[in-house]
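> I need the structure of the sequence given here:
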Amino acid sequence: MARVSTRTAASEAPPSPLDFLRVIADEQRWQLLVELARSDRRVAELTELTGRPQNLVSYHLAELRRVGLVSSRRSSADRRDTYYRIDIARCSEGLSAAGGALHPSLQHGARSIRPAAPRPRRAPRVLFLCTGNSARSQMAEALIEARSGGVVEARSAGSHPKTLHPNAVRVMAERGIDIAGRPTKHLERFTRTRFDRVITLCDKVREICPEFPGAPVTSHWSMADPAAGADTDEASYPAFVRTADEVEARVALLISELIEHPSERRAS
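Got it, this is the predicted structure:
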């Protein structure tokens, strides 16, 4: 079956290089992008982090959404809340197009290939959390271990573990990763374990996420449960494909950050 595209309608009409630069050149919008690059956020959180009034934050978020650099999704924990997320791929495309418009040598594709980053002396450790530990967090755990070649050590757990979803097994198998038979685990199992990163993939779990020893860096990836709202496994399969695509894209960025910038693994 063909992959389901994760592109939005906005991303089909990229801004001109000049429009892109005008949008990101604003200091307040740049600050919002920096915060969203660290974690998905709600408006109230962005207001607190930036020290700007809510109406101003909302205005700048609307401008970032207009050019497809930011998207939003209703919280599954509280439908009155909305999570905003950055589209890193779209940002990269915009920067590349702007550079290429000035001179072809400034496009990403024209850069010389950098040597591979050295393998860290200690494997960075990441914990992924969601509600059931049956899909999102399991896929993230498997993908980061596979795509990092085992350089990153990962675990996953849930607040209310349930059986591993067959579609999670299916979409991972299509990516060459076998997760069949993996156990689901309760997050309390890891509350005394030290991690470099703790990442919540479910809005509900974020609200109850416990503190972990060592003050790990925490991030939130606001992702809907791919199994929600479907009557059959086959009906929910496209949602699982979209979820796996998004997890894989986010994991690729996380691997780069953990391996190429090890000093940023821990909270300051």
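> the helices in this structure, which residues?
17-25, 27-38, 43-50, 54-66, 88-102, 136-147, 166-173, 203-208, 233-260 (DSSP state H).
> buried set for the helix or strand bottoming out on mean pLDDT in the chain?
Using mean pLDDT, DSSP states H and E, the weakest-scoring helix or strand in the chain turns out to be helix 88-102, at a mean of 89. For helix 88-102, a neighbour-count test (16 or more other C-beta atoms under 10 Å) marks Ile88, Arg90, Cys91, Glu93, Gly94, Leu95, Ser96, Ala97, Ala98, Gly99, Gly100 as buried. C-beta here means a position set from N, CA and C on the backbone, and glycine is covered the same way.
> closest to Phe128 out of those?
Ile88 (18.3 Å; C-beta to C-beta).
> quick one on the thing from earlier: how far does the least confident helix or strand of the chain sit from its chain's centre?
Counting by C-alpha atoms, centre = their mean, to the nearest Å, helix 88-102 is centred 20 Å from the centre of its parent chain.
> one more: stretch 140-151?
15 Å.
> hang on, the earlier thing: which one of the helices of the chain lies closest to Pro183?
Nearest of these (C-beta to C-beta): helix 136-147, 9.8 Å.
> give the other helices and strands that the closest one contacts.
With contacts defined as 3 or more C-beta pairs under 8 Å, 6 or more residues apart in numbering; DSSP states H and E, helix 136-147 has these neighbours: strand 125-130, strand 153-158, helix 166-173, helix 233-260.
> turn these into a markdown table, including mean neighbour count, mean pLDDT and distance to Ile144.
Formatted as a markdown table, those follow (neighbours: other C-beta atoms under 10 Å; pLDDT from 0 to 100; distance: least, C-beta to C-beta, whole Å):
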| stretch | mean neighbour count | mean pLDDT | distance to Ile144 |
| --- | --- | --- | --- |
| strand 125-130 | 27 | 97 | 6 |
| strand 153-158 | 22 | 97 | 5 |
| helix 166-173 | 20 | 97 | 12 |
| helix 233-260 | 19 | 92 | 5 |
